[in-house]
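Asker: would you be able to build a 3D model of this:
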Amino acid sequence: MVEHERTGWVDAITWRFSRVAMILPAVIVAIMFYEVIMRYVFVRPTLWVNEASLWMGGMVYLFSGLYAMQQRSHIRIFILYDIVPRWLRHVFDVLSTLAIAIFCFAVIWGGFGEAYAKFMRWEKFGTAWDPPIPATMKPLILITLTVVTIQAISNLINDWGNDPETHDVTDDIDLNIEQVKRAQAEAEKA
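Answerer: The predicted structure follows:
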């Protein structure tokens, strides 16, 4: 996959979050491997690996959604989008950005009190290791949604004057058409 170019300071922030989302799965695998070795080879299981992997997995989920927004890889119904005139595409873009902003605002509005309370009392997970997963993840959800909204608005502004992208059926097929044509030609010769 070729990454979408970074077009401003918002993309630069999102790009940094995305790199964390790309590294964390490897960290999760490494600590899970460590847990397996400690548990089954040395018979000394850890208290922290399960919760740490949950914590990091939640971060991967949040940051991946933010990265998808920056890359413009969210779902779009191209069959409709591609056949309408450019002015209507702009209307679709504004409506989708508005829908994202309203959704994020509603979640932030509804979740702020709980996130603030969990953070202020440094609520913990309630296990033997007892990490502050609720105290960190609830505010991180709201922070990520704020950045998602800013990223959606940034995408709208940066893409406004760009030439429209066109899509066809072959976009979803992972084949090299030239190789297929050559193979067909060779098959016909034989």
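
Asker: lowest average confidence, helix or strand, in this protein?
Answerer: Lowest on mean pLDDT, DSSP states H and E among the helices and strands of the chain sits helix 78-81, with a mean of 78.

Asker: any buried residues in that helix, and which?
Answerer: By 16 or more other CB atoms under 10 Å, the buried positions in helix 78-81 come out as Y81. All C-beta spots, glycine's among them, are computed from the backbone N, C-alpha and C.

Asker: and that helix, what other elements does it pack with?
Answerer: Helices and strands touching helix 78-81, by 3 or more CB pairs under 8 Å, 6 or more residues apart in numbering; DSSP states H and E, are helix 86-120.

Asker: helix or strand next in line after the helix it packs on, which one?
Answerer: Downstream of helix 86-120, the next assigned helix or strand under DSSP states H and E is helix 133-159.

Asker: and that following helix with helix 86-120, angle?
Answerer: Helix 133-159 and helix 86-120 meet at an angle of 160 degrees, taking axes from the mean of the first three to the mean of the last three CA atoms, to 10 degrees as the criterion.

Asker: helices or strands up against helix 133-159?
Answerer: helix 9-40, helix 49-70, helix 86-120.

Asker: the nearest residue to V147 once chain neighbours are set aside: neighbour count?
Answerer: The spatial neighbour of V147 that comes closest, neighbours along the chain excluded (CB to CB, 6 or more residues apart in numbering), is L66 at 5.9 Å. Residues near L66, counting by other CB atoms under 10 Å, number 21.

Asker: and the gap between L66 and E3?
Answerer: Per CB to CB, to the nearest Å, L66 is found 14 Å from E3.

Asker: in JSON lines: the helices and strands packed on helix 133-159, plus distance to L140 and mean pLDDT.
Answerer: As requested, the helices and strands packed on helix 133-159 are arranged in JSON lines below (distance: least, CB to CB, whole Å; pLDDT from 0 to 100):
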{"stretch": "helix 9-40", "distance to L140": "10", "mean pLDDT": "92"}
{"stretch": "helix 49-70", "distance to L140": "6", "mean pLDDT": "92"}
{"stretch": "helix 86-120", "distance to L140": "9", "mean pLDDT": "95"}
